[in-house]
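> give me a 3D structure for the following:
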Amino acid sequence: DKKIIICGSPRHDSFFQSKNPKRSSKNTILLCPRPIVELTCHNSTQMYIKYEQILKTTIQKLKTLPNTQLIFKLHPGDIAHNDSIKKIIQKIDPSIVIFHTKPIDVLIRKSDLVLVISPDGFDPSTVILESIILKKLVINLVLDEKFYDFSYERHKAVLSITEKNDLQKIIMNLYNDSQFKNSILSNGEKFLQDYLSNHGIASETFAKELLKL
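As a prediction, the model looks like this:
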């Protein structure tokens, strides 16, 4: 254990830098559907069917929210399921903007809320961490309905839900109940203090440790 260098995450140093892009007059929801990959135990016909059904109903529900625009960010990898997800979205509403390789921090900063769609609860998306760093509200829609004792769950920094929850009601509560909203954001700060070291200076910290070797 003494040989482990605790430096934080150099990859996320830039996420801690203050940048305030011009925001849209509408409430922007960034949807990040994590694709099903072949190596997972959820690579089954049933999960593909369930994923498509939930994706369709989720978009339909979100489109009923007032003054709201939807943006999709696909996983940047070359994954076959990405193509299926894209086709489903375009079939429902061709006007929805879909990004594949655009930097995730740029899209998160422009958003009011981030909705992650996870095929399984055991492999959470990095977008959850990145959204918390950027002080954004996060909803994690877990398709296999299994939740684990991850740090962000213990701190209640994320709203983890299943298809059985009322998504529209949850989002409207986040928009309209400032106390509810601020409690989640505050929990996010506590989670980051517990989970990640050297916020914004991880690269510098790592370099200094390397020089000591």
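> so for stretch 71-81, mean pLDDT?
Over the span of stretch 71-81, the pLDDT mean works out to 91.
> for that stretch, buried residues please.
Of the residues in stretch 71-81, Ile71, Phe72, Lys73, Leu74, His75, Ile79, His81 count as buried by neighbour count, 16 or more other Cβ atoms under 10 Å. Placement of C-beta: from N, CA and C, glycine included.
> how about Arg109: what's its closest non-neighbour residue?
The shortest distance from Arg109 to any residue other than its chain neighbours is 5.4 Å, reached at Pro21 (Cβ to Cβ, 6 or more residues apart in numbering).
> picking that back up, so which of the buried residues of stretch 71-81 are in strands?
Ile71, Phe72, Lys73 (DSSP state E).
> from Ser9, how far out is the second one?
It stands for Phe72. As for Phe72, its distance to Ser9 is 25 Å (criterion: Cβ to Cβ, to the nearest Å).
> repeat that for the last one.
Lys73 is 20 Å from Ser9, where distance means Cβ to Cβ.
> re earlier: how about the contacts made by the residue nearest to Arg109?
When contacts are counted by Cβ atoms under 8 Å, 6 or more residues apart in numbering, Pro21 is found next to Val106, Arg109, Lys110.
> buried ones in the host helix or strand of Ile171?
Taking DSSP states H and E as the criterion, Ile171 maps to helix 167-176. Neighbour counts over helix 167-176 (16+ other Cβ under 10 Å) mark Leu167, Ile171, Leu174, Tyr175 as buried.
> next, count neighbours for Thr162.
By other Cβ atoms under 10 Å, the residues close to Thr162 number 14.
> where does the prediction get shaky in this structure?
Counting by pLDDT under 70, the chain contains low-confidence ranges at 20, 22-23, 38-43.
> tell me where it has helices.
With helices called from DSSP state H, the chain shows them at 45-62, 80-92, 104-109, 126-133, 151-154, 167-176, 178-195, 202-212.
> reformat the ones you listed as CSV; add distance to Ser14.
Output for the helices of the chain, formatted as CSV (distance: least, Cβ to Cβ, whole Å):
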stretch, distance to Ser14
helix 45-62, 29
helix 80-92, 25
helix 104-109, 7
helix 126-133, 10
helix 151-154, 21
helix 167-176, 26
helix 178-195, 15
helix 202-212, 9
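> Ser25 is nearest to which of the ones you listed?
helix 167-176 (14.2 Å; Cβ to Cβ).
> so what's the gap between that closest one and the chain middle?
Mean C-alpha position of helix 167-176 versus that of the full chain (Cα atoms, centre = their mean, to the nearest Å) differs by 17 Å.
> with stretch 61-68 instead?
19 Å.
> contacts for that stretch, please.
Contacting residues not belonging to stretch 61-68 are listed as 25-29, 31, 70, 93, 115, 167-168, 171-172 [Cβ under 8 Å, 6+ apart].
> how close does Pro21 get to Gly188?
Look at Pro21 and Gly188: by Cβ to Cβ, they are 20 Å apart.
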